[in-house]
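In: Any chance you could fold what I've pasted below:
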Amino acid sequence: MSESGFFNKIYKEIGKMAGDDVARKFWEKYGGLTVSFSKNLYSNEYAKEYIRKNNGKVHPSQMAKILNLTERRVRQIIKELRDEES
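Out: Numbering: from 1, shown residues only. Predicted structure coming up:
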């Protein structure tokens, strides 16, 4: 049995996903801290560039799904990009 079988919840999950050594490194670096992860994987800059490159090729609803944004937000960014060009 791997050592992660004896770890507490989050460290056990990390151990299963990335190995016991990684879980231990997380514990050493972040133990005792409250850490939250953004729901969005991509940065705002990347999302804006993705929308710029794909506007007119990919429907806003599809871009929203890919970027984990709302369709409304994608349309707002499209408008911002148009305003920047003017």
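
In: in the worst-scoring helix or strand of the chain on mean pLDDT, what's buried?
Out: None of the helices or strands of the chain scores lower by mean pLDDT, DSSP states H and E than helix 9-18, at a mean of 93. For helix 9-18, the neighbour count (16 or more other CB atoms under 10 Å) marks 11, 12, 14, 15 as buried. To be clear about C-beta, it is placed using only N, CA and C from the backbone, and glycine gets the same treatment.

In: CSV please, covering those and showing distance to residue 35.
Out: Below are the buried residues of helix 9-18 laid out as CSV (distance: CB to CB, whole Å):
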residue, distance to residue 35
11, 12
12, 16
14, 11
15, 16
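
In: Closest one of those to residue 64?
Out: residue 14 (30.0 Å; CB to CB).

In: So which residues of the protein form helices?
Out: Taking DSSP state H, the helices of the chain run over residues 9-18, 20-30, 44-54, 60-67, 71-85.

In: Pick out whichever of the buried residues of helix 9-18 sits closest to residue 22.
Out: Using CB to CB, residue 14 comes nearest to residue 22 of these, at 6.1 Å.

In: Assess the claim that the closest one and residue 21 are in contact.
Out: No - counting by CB atoms under 8 Å, residue 14 stays clear of residue 21, with 10.2 Å between them.

In: returning to what we had before: report the angle between the least confident helix or strand of the chain and helix 20-30.
Out: Per axes from the mean of the first three to the mean of the last three CA atoms, to 10 degrees, the angle that helix 9-18 makes with helix 20-30 is 140 degrees.
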